[in-house]
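Asks: Below are the sequence and a predicted model for it; my questions follow.
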Amino acid sequence: MNLLILVVDDEPDVEALFRQQFRREMRAGRFVMDFAASATQALARIQEDDADSLILLLSDINMPGMTGLELLPRVKEMRPDVPVIMITAYGDAGTLRRAKEAGADDVFGKPIDFFALKAEIDQRLIERGLPA
C-alpha cells in the first residue's frame, strides 16, 4: 500500500512545486502525493477506497468556495486519525488561533519551509514504523 499525502490548494503552480520538492521521496516510493484544487475535491478524494493510506493532509486556508478552515472540521470528522497541516500566506495571530482551535495539527506560512515540512513528514513515517 502506498502512503498518501493529500495537498489541497487552488493555486495551479502548487502541484509542480511540491512534486519538485519531494521528487526524491516519491521516486524512492516513500509516499505518493495527490493534489486537490478545492476543498470539495479533497473531500471526494478522502472518500475513495484507497484513502485509508492517507497519512497527512496539507491544506491552504484561503480558497474560493469552501475555505481550508471550513474543510478542516469535516476532514477531522471523516478521518480523525489523519493529521492536518494548514498553509497560509496570512499568518496573523487570529488565523493561527482559528486553525488550531478547529483542530489543525500545525500551521505553515507561505512561502513554505520545505525543510520543516520534510521533517514533519518524516515524523509521520516514523509513527507508522517506517524509516525516516
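Replies: Everything's here; your move. Numbers count the residues shown, from 1 in each chain.

Asks: Give me the sheet partners of the strand or helix carrying residue 85 and which way each runs.
Replies: Assigned by DSSP states H and E, residue 85 belongs to strand 84-88. According to DSSP bridges, strand 84-88 forms sheet pairs with strand 54-60 (parallel), strand 106-109 (parallel).

Asks: Mind checking those for the one nearest to residue 8?
Replies: Nearest to residue 8 among these is strand 54-60 (4.0 Å), distances taken as C-beta to C-beta. From N, CA and C alone the C-beta is placed, and that goes for glycine too.

Asks: what helices or strands is the next helix or strand after that closest one leaning on?
Replies: Sequence order places helix 68-78 as the next helix or strand after strand 54-60, per DSSP H and E. Applying 3 or more C-beta pairs under 8 Å, 6 or more residues apart in numbering; DSSP states H and E, one finds that helix 68-78 contacts helix 39-46, strand 54-60, strand 84-88, helix 93-101.

Asks: got CSV for these, with mean pLDDT too?
Replies: Below are these laid out as CSV (pLDDT from 0 to 100):
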stretch, mean pLDDT
helix 39-46, 96
strand 54-60, 95
strand 84-88, 95
helix 93-101, 90
